[in-house]
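In: Quick one, structure for this:
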Amino acid sequence: MNVRAGVALVSLVATAAGCGGGGGPSGPPPERGTLAGGTVARVGREEVNEGTVVRIAAAQGIDLVAARELAIRDALFASEARARGATNDPELERRVSAALARRLMHQLLSEAEQKGPVTDAELERVMARRWIELDRPEGFRTVHAVVQFAENADAATRSRAEAVARAIHEAVLPVAASARAITRPEPKRPFEDVEDPVVASFRSAVDGVDKDGFRTVVEALPPVTADGRLILPDGGTLVESFARAASALGARGDTSPLVATSYGVHVLLLLERTPARVVPLEERRRLVRDEVVWGRASAARSKLLEGLRRGVLVERSAEPLLALVPIER
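Out: Coordinates of the predicted model:
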C-alpha cells in the first residue's frame, strides 16, 4: 500500500492541540495541500516523510494511515517541547548528538558500499594484516641453540664460538636421528604452543657440551616463513638468514649447517613443516569486503572530521577551567 493512497497530503500548524490523548486526532481538521515528493505531512517547519511512516507501520504492526497519524502526533509534541524549552537539556542534547553521529556513520557506510568492488590496492592493504588467514606460505618450526658473542667480537672470539657450535651440532645428531620416530603432539587450538619431546632431548644434548665460557641459549621457535615472518596472530619476524636456513630443512629431525646472525652462531633442528594456506583471489575479495567498506567509511569520516575541525574554536583557558569542575560518579 502506498502511503499516499486515498489520503490527502497534510500541512499542520505546530501545536499540541492538534492531537488529543487517547485514540484518534482531535481539534480542527488539518489543512490540505501539495507537498514535495516523499513528504506526507508538514508539522510547522518539520516534514514527515514516507520512510518514517513505513518504519513505524512495520515496527508496530499497523496500517500506513495509522502510522502517519502517529508520526504527526510525535512531530506535534516534539515541536511543542522545543517551544517550551524542553530540549534545552544537556543530556538530551548529548543523546541526540550521539544518535546523529551514528546516523551519519550509517550514511558513510552506505556511500562506501556504493563505491563498488574491492580494488587491488585495497586488497593488498588488508592482506598485509590478514596474510596468515588468506595467503600463508609454508612455515618451518625449529628448535635451535645459539652461541652468543658481541657484534664487535674479534676473529679469534668468533672462531672459538664456531668451535662450540660445531660441537653442539655433533652432540645433537643422535637427537636428530631419533626425532623422525617421535611424534609431535597435535595442538588442540590454532597457534597453541605444545611441548615437543624432541626439544627436551635437544636441550639435554646441548647442556652436555663444553661452552668455553660462551653464553648459549636453546629456544623452540614458532613457525617462520622463508622470508622471516613468524606465523603468529601477533606477527613478528626473525633474521632473514635464520629463516632461509630453516626453510632449507626438508623433514623433521634435519639439522642445519652453522648459521651466523647478529645474535651469534646457530644450530637448527627442524621440528615441523607447516602447510601453506592460499585462498583463491575472488574468495579473498569476498572475505575482506566488509573490512574494506568499513575502512572506506572510516577514512571518509576522518577526512570529514578534519575539515569540520577547522571551524572549531576552543577557549584558551578551557583546560584549567575544566580541571576545576567536579564530576559526579
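In: Phi first, then psi, for the nearest residue to residue 229 once chain neighbours are set aside.
Out: Nearest non-adjacent residue to residue 229, counting by Cβ to Cβ, 6 or more residues apart in numbering: residue 237, 5.8 Å away. Where you see a C-beta, it was placed from the backbone N, CA and C, and this is true even at glycine. Here is the backbone geometry of residue 237 (degrees, to the nearest 10): phi -140, psi 160.
In: ok, now which ones touch residue 237?
Out: Counting by Cβ atoms under 8 Å, 6 or more residues apart in numbering, residue 237 touches 228-230.
In: do the same with residue 285
Out: 117-118, 123.
In: remind me which residues of the protein are low pLDDT?
Out: Applying pLDDT under 70 to the chain picks out residues 1-37, 45, 314-329.
In: Strands along that one, start to end?
Out: 10-12, 31-32, 39-43, 46-49, 135-136, 139-148, 216-220, 259-261, 264-274, 277-278 (DSSP state E).
In: that older thread, closest to residue 143 among the contacts of residue 237?
Out: Of all the contacts of residue 237, residue 230 has the smallest distance to residue 143: 15.0 Å, by Cβ to Cβ.
In: doesn't residue 236 make contact with the closest one?
Out: Yes - Residue 230 lies in contact with residue 236 (Cβ atoms under 8 Å); the separation is 4.1 Å.
In: neighbour count winner among the two?
Out: residue 230 (18 against 11; other Cβ atoms under 10 Å).
In: who's that one bridged to?
Out: Taking DSSP bridges, one finds residue 224 as the beta-bridge partners of residue 230.
In: Tell me who's in contact with it.
Out: 221-224, 236-238.
In: Now do the residue nearest to residue 229 against residue 223, distance only.
Out: To residue 223, residue 237 is 13 Å away according to Cβ to Cβ, to the nearest Å.
In: Excluding chain neighbours, what is closest to the residue nearest the centre of the chain?
Out: Most central in the chain under Cα atoms, centre = their mean is residue 291, positioned 7.8 Å from the mean C-alpha point. Of all residues not flanking residue 291 in the chain, residue 126 sits nearest, at 5.8 Å (Cβ to Cβ, 6+ apart).
In: Noted, bye for now.
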